[in-house]
Structures are given as structure tokens and as C-alpha cells.
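> pasted the sequence and its predicted model underneath.
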Amino acid sequence: MDKGTALNERVWKLFEDAGFRTFPNSHGASEFEVDLPAKKKIPVDLHASDSGLGITIIASNKSGSVDRWTEHVHSCVALGRAAKADKVLFIVTGQAIEEDQKAFAEALGALVWSEQELSYFRAVVDAIGTYARFEIIHALGLKTSEEKDTHKVLAIRLKQPTTSSTSDLFMFTLSPERLLKLCVVYRRAQGDAAAYQRMLRKNRLPNVQRFVSKTDSLLPTDLIVYFNDKITVDVIQHGEFKDSEGRPISLSKSERSELVVLNIPMEYASLELIDGQHRLYGFVKTDAATRTEFNLVVLGMKDLTQKQRRDTFVSINDNSRRMDPNLVAYLKYTTDDAECQKSSEIMAIRIAVDLNKISPFRKAIRLLDMPSTQRITLKGFAGYDLRGLVGTNGWLRRRYPSNNSQEFLGVLRIYFSTVKSVFPKQWKSPEKYIIATNRGISALLKLLRSILKTHDGPISHELVKKYLIPLKSKRKLWESAKLQKNYVGSQGWKTFHRDLIKLIRVKYPELIE
């Protein structure tokens with residue numbers, strides 16, 4: 001199967017598994033043909049629809065480079081109009097589409113997905129099946145007639161006792177069926193640098209499913225969601241509280257709570273699910289009666305900054321179960337130069353994330369806890385060695401004292417591009433060679449430190465190549481199996497670095513360890 005055919009299959013299977021009717025599909029390879037004037041018919045790579053929701057999507061899938069982007073977009077948008085599609089989608093995995101190219105497509109009402117979006121939604125579909133289509137519909141900027149409905153829910157507003165707190169809490173119940181459409185998990189994998197959630201663990205969902213399917217099941221633990229501005233609050237006017245005998249009830253600290261009605265529009269992916277995604281998505285494969293009748297307890301919050309929502313998520317989850325270390329690191333990523341300059345950890349994370357956007361590391365560093373074959377992780381790359389280089393007394397910082405992230409980025413790009421050019425075979429095969437893995441990066445960063453200590457001047461391709469060439473003749477130097485046998489324990493890779501220095505010193509004795 002060639003790349004184009006494989007991509008087409010990935011796309012239609014994604015939409016089919018999400019609950020759309022597609023052409024092609026698992027029952028036939030025939031493509032949907034758009035009728036044009038003069039009895040001309042043009043096939044499209046994907047035609048996906050949901051007749052119940054009144055949604056139609058067509059897509060152009062490109063696994064290679066896209067020539068004449070403007071012309072291609074205009075042509076596909078015209079096909080979309082002829083097919084009466086609600087959205088035209090471009091899925092491009094063979095090249096990076098620039099921001100101005102994306103903006104051009106969006107100005108014409110279309111949308112562009114890269115490999116990142118395709119992989120992200122595949123992971124979501126794998127976890128929650130057909131309920132993923134509501135997040136997809138939302139991501140495509142589409143609206144359905146169902147979303148015009150507004151649900152009115154009785155709730156208790158709980159006011160915080162501190163004068164510094166501007167956020168209230170709302171306790172209420174909703175059915176899983178409605179919540180499965182309303183809620184979205186704000187994940188970094190979506191490409192938003194402010195997102196914080198981990199990916200779903202599919203293997204955890206059956207346990208919840210079995211539990212809530214019991215006739216006497218009870219799920220008292222609440223979900224925590226964040227309200228957008230479209231959810232409004234109506235205060236219920238009432239007199240004093242009385243018991244069933246008509247006697248007045250005096251509430252303790254009555255000023256801290258009140259009955260209200262929440263007006264919650266049925267807008268897909270509009271409630272940000274801060275905690276409880278596995279409890280909610282455990283209902284995906286339960287029977288319809290359970291999904292529509294079960295009462296889930298929900299705690300809603302309003303008027304929180306993005307940072308407060310992130311901190312709420314971390315405080316809940318980091319104390320209860322181990323979070324993915326890459327996610328923890330990625331949460332600290334910022335493009336604020338002042339913040340990066342204050343902390344070697346933040347600076348190292350900034351550099352590693354930005355390196356992942358450019359050659360030679362483009363998309364080679366695993367930033368998130370999604371299934372991946374990447375052998376280099378954000379946590380590993382931005383660890384001890386890189387932090388040491390950019391720290392106050394680090395040798396990269398000493399040679400480049402402006403403490404500028406872009407300058408550091410340029411140095412590392414020169415260095416690792418040279419490594420790749422000297423060891424192309426080893427770089428391309430991380431499953432066999434250690435050079436493009438966490439441990440290899442660690443050893444190479446140690447070697448960079450030695451080069452910086454030795455030479456008081458700018459890093460160049462020629463300088464780096466000079467010190468790498470003596471290692472080129474050692475054909476088995478980077479083989480993972482051999483290295484793991486010879487260098488064991490916490491000090492093993494420091495020893496490996498010293499051995500690299502010894503090999504280089506045979507020709508260049510001036511190199512400082």
C-alpha cells in the first residue's frame with residue numbers, strides 16, 4: 001500500500017469509527033463523486049456525514065508535498081460547495097503547512113489538519129468511540145440543530161469564604177449522555193500550549209463500565225468542569241426555609257450557599273473537563289438507559305484563569321496518581337523570555353519544545369503521553385544535562401551570556417545537525433542505535449559541554465565535525481545492545497562520555513573532559 005492510499009484509509013477509518021457514514025468505508029473502496037456542470041464527476045478522498053445531526057464533511061488527504069496550495073484550496077472549496085458540504089478539511093502529513101497557508105484556507109471556510117491532529121483524534125476515537133465525533137464536530141467549527149437546546153438544571157452555588165476568591169462553585173447533576181456530548185478534555189495534544197490534561201487510558205474504562213452497569217451502582221465522586229461564558233445563572237427567589245411540618249429552618253452560614261438554576265446550552269465540547277474523564281468516559285459502552293438515566297454529580301466552576309484551571313488539575317492529579325513526566329514538564333513550557341531566563345529548568349524545556357519544531361528534531365521528541373515510537377522524550381532532553389548547560393554556571397550560558405533562548409536554540413541546532421550529518425545511519429535507526437535516544441542525547445550534551453569548555457568561541461559546523469570524525473570509524477560505537485551491556489547503572493553513561501573523550505583525544509588531545 002502506497003503512502004497516499006494508507007493515509008486515505010487512516011482518515012476514512014477515523015471518521016467511520018467516530019460514527020460518521022463515510023465513502024470510502026469498511027464495506028467498499030469507492031469514493032464519493034461530486035457532480036459538476038457538463039456531467040463531470042470528481043471523486044473526493046473523504047466524504048463523511050451524519051444525517052441525524054445534519055453534518056457533511058469532505059476532505060483532501062495529502063501524504064506528500066502539495067504543489068500550488070492556493071489553487072488546490074480554491075479547487076477543493078469549490079468541490080465542497082458543489083457537494084453541499086458543511087466543511088472542507090485538508091489533511092496534510094507529508095509537509096509542514098505554514099501559518100499563512102492555514103489562514104488562507106480558513107478564510108475560505110476550510111480547515112487544515114496535520115499529523116498531530118490526525119493522531120490526536122485517532123487516540124480519542126480509540127478511547128471513546130463514536131462519542132469522539134462531537135469533539136470533532138466542535139473542532140471543525142460546525143453547529144448542529146441539537147445544539148440549540150438549553151438544559152435548565154437546579155444547582156447549589158457554594159461561595160468561597162475568602163474575600164480574595166472571585167470564583168463560586170456549583171454542585172448539580174447531569175446524565176452521562178448529555179455530558180459525553182458537552183465535555184471536552186483540554187489536552188496538550190490538541191496543540192494548545194495552555195492545555196494540561198493527559199490522554200485517556202483506554203484500559204481503565206472497562207472497570208468503570210462494569211461498575212456503573214450494576215443495578216445498585218453508586219458513583220458519589222464528582223466530575224469537575226469549567227463553565228464557559230455561555231452558561232448563565234438564575235438565582236431562585238424564595239423566603240425562609242421550612243421543614244415538612246412548616247417549622248422555620250435556620251441555616252448555618254446561609255450566606256455561603258444558595259439555590260440557583262444553571263442554563264447549560266447543548267454546545268458540543270463546551271464544558272472543560274478538569275477531573276473525572278475516566279469516570280465519565282467509562283459510560284461510553286454502557287447501555288442507553290444507563291447513559292440517559294444515571295445521575296452524575298458535577299462540580300462546576302466559573303471565572304478561573306487558565307493558570308488556575310491548570311493548577312487545579314495538577315493539585316488533584318499529581319497527589320493522587322503519578323502523572324506522565326512529559327506532561328508535567330510540558331505544563332511548564334512558556335515563550336515568555338523573562339520566565340525562561342529566571343529558571344534553567346524552564347529554559348531547557350523551552351529549548352527542547354522549540355527544537356521539536358525544526359530540523360533535525362522535527363516531531364522527533366515526544367512531548368505528550370500519546371502512543372508513540374519516539375525514542376527521545378521532553379523529560380529526557382530537558383533533563384540534567386541541558387539544564388546544566390544553560391544554568392548560571394553552565395558552559396553554554398558562559399559562552400553565550402545573553403541567556404537568550406533563540407541563541408541557545410541556534411547553537412543546539414548546529415550541533416545536532418552536524419551529529420546527524422556525520423552519523424546518518426545511526427540517527428535514522430533509534431531502534432538499533434542509541435544516538436537518537438534519551439541516553440544518546442545525554443551523552444552528546446556531555447560531549448557538547450566538553451567542546452564548549454575547550455573552545456572559547458562560537459560553535460560552528462566545522463568545529464563540531466572536527467571532534468566527531470574520530471568517532472566515525474568505531475562502527476559499533478552507538479549500538480544499543482552493546483552499550484547497554486557495557487555501561488550499566490546510574491554512572492554508566494558518564495563512563496560512556498569519558499570513553500568518547502578518550503577516543504577523540506587520540507587525535508585531539510586538547511579536548512577537556
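Okay, I see it.
> for I365, give me phi and psi.
phi -110, psi 120 (degrees, to the nearest 10).
> report how many residues lie close to it.
24 (other CB atoms under 10 Å). All C-beta spots, glycine's among them, are computed from the backbone N, C-alpha and C.
> which residues touch it?
I365 sits next to 352-353, 355-356, 374, 376-378, 381 when contact means CB atoms under 8 Å, 6 or more residues apart in numbering.
> which of those fall in strands?
376-377 (DSSP state E).
> reformat the contacts of I365 as TSV; add distance to T335.
Formatted as TSV, the contacts of I365 follow (distance: CB to CB, whole Å):
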residue	distance to T335
A352	13
V353	9
L355	14
N356	14
Q374	22
I376	21
T377	21
L378	15
F381	18
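> rank the contacts of I365 by pLDDT and give me only the lowest.
Minimum pLDDT for those is recorded at Q374 (81).
> and Q101, that's in a helix?
Yes: under DSSP: H, G, I helix; E, B strand; the rest coil, Q101 sits within a helix.
> do you know how far the residue lying closest to it once chain neighbours are set aside is from L46?
Leaving aside its sequence neighbours, Q101 sits nearest to W69 (CB to CB, 6 or more residues apart in numbering; 5.3 Å). Separation of W69 from L46 (CB to CB, to the nearest Å): 19 Å.
> repeat for W478
On the measure of CB to CB, W478 and L46 end up 42 Å apart.
> same question, F361
31 Å.
> ok, back up a step: who has more neighbours, W69 and L46?
Each of W69 and L46 has its neighbours counted (other CB under 10 Å); L46 has more, 24 against 19.
> okay, now the nearest residue to that one once chain neighbours are set aside: neighbour count?
Distances taken as CB to CB, 6+ apart place A59 nearest to L46, at 3.8 Å, with adjacent residues excluded. Neighbour count of A59, defined by other CB under 10 Å: 25.
> is it correct that A59 falls within a strand?
Yes: A59: assigned to a strand according to three-state DSSP.
> dig out what it forms beta bridges with.
Beta-bridge partners recorded for A59 (DSSP bridges): L46, L89.
> for it, what are its contacts?
Taking CB under 8 Å, 6+ apart as the test, what A59 contacts is 11, 44-46, 48, 88-91.
> adding distance to G457, write those residues out as a markdown table.
What follows is the contacts of A59, written out as a markdown table (distance: CB to CB, whole Å):
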| residue | distance to G457 |
| --- | --- |
| V11 | 50 |
| V44 | 57 |
| D45 | 52 |
| L46 | 54 |
| A48 | 57 |
| V88 | 53 |
| L89 | 50 |
| F90 | 46 |
| I91 | 46 |
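> list buried residues within those residues.
With burial judged by 16 or more other CB atoms under 10 Å, the buried subset of the contacts of A59 is 11, 44-46, 48, 88-91.
> of those, closest to Y226?
Y226 lies nearest to L89 out of these, by CB to CB, at 27.9 Å.
> how near is the closest one to L118?
10 Å.
> looks to me like I224 is in a helix.
No: going by three-state DSSP, the assignment for I224 is strand, not a helix.
> just the pLDDT for V208.
Value for V208, per-residue pLDDT: 59.
> coming back round to it: measure the residue nearest to L46 to R256 for me?
The value you get for A59 to R256, if CB to CB is used, is 52 Å.
> E339 too?
Distance from E339 to R256, by CB to CB: 36 Å.
> swap in K159?
Distance, K159 to R256, by CB to CB: 5 Å.
> one more: R122?
46 Å.
> now I435
For I435, the distance to R256 - CB to CB - is 60 Å.
> which of the two has more neighbours?
I435 (26 against 13).
> is it true that the more buried one touches W478?
Yes: here I435 reaches W478: they are 4.7 Å apart, a contact under CB atoms under 8 Å.
> thanks a lot, see you next time.
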